[in-house]
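Visitor: how would this look folded up:
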Amino acid sequence: MREIVLDTETTGFDPDTGDRIVEIGAVELMNHLPTGRTFHVYVNPERPMPQEAFEVHGLGDDFLRDKPKFAEIAADFIAFIGEEARLVIHNAGFDMKFLNAELRLCGYPVMPYSRAVDTLDIARSQFPGAQNSLDALCRRFRIDNSNRTLHGALLDSELLAEVYLALRGGRQPGLVLDSGPLGAGAGPGLQA
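Guide: Predicted structure coming up:
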């Protein structure tokens, strides 16, 4: 089963008032394992960056000025996510709303919301009443997010892929590794 874990950064909260996507990051999973294939692009939003948004992701007008417009990357994005892959997104309604607004502006068909798996909903059902931001979930599952000083779509997608797998019970749900006679625990690169 192919899944795409993705995140966007934007100029604000509402595409209906002119806010646009400025960055897309996506990580491919196959049968709940990262394949190493990613999609990452910065996008010229064709509008000024509000200070509040800049403070979240650090992407300013000067940096984005020479980046491609969404219409120029739409076909590559659609090719990467494919038609069948589930889209794993934290707070999926937000990102889907922006992606569909951008696709609509370019004349592409919109994606059904049913295609998205919302990790925020999963986390809320598993940890009701707890904080379920990406940072909080990284802390809960002991996922190193020390490189995340600002929001960034690709880094956030990579972290979310780890969170998603942890929410599902690990990379292979139900698999229990024997620690061996010496009690060595998880091997190099594996998290217990």
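
Visitor: ok, Phe63 - how many residues close by?
Guide: Phe63 has 14 neighbours, counted by other Cβ atoms under 10 Å. For glycine as for every other residue, the C-beta is placed from the backbone atoms N, C-alpha and C.

Visitor: Quick check: closest non-adjacent residue to it.
Guide: Counting by Cβ to Cβ, 6 or more residues apart in numbering, Phe63 lies nearest to Tyr42, which is 7.4 Å off, once chain neighbours are set aside.

Visitor: Next one, pLDDT for that neighbour please.
Guide: We have a pLDDT of 98 for Tyr42.

Visitor: what's the answer for Asn147, then?
Guide: 88.

Visitor: Pretty sure it sits against Asp156.
Guide: No. Under the criterion of Cβ atoms under 8 Å, Asn147 lies out of contact with Asp156, with a separation of 10.7 Å.

Visitor: Comparing those two, which residue is more hemmed in?
Guide: Asp156 (26 against 9).

Visitor: can you give me phi and psi for that one?
Guide: phi -60, psi -40 (degrees, to the nearest 10).

Visitor: what's the answer for Leu29, then?
Guide: Dihedral angles for Leu29 - degrees, to the nearest 10 - are phi -120, psi 140.
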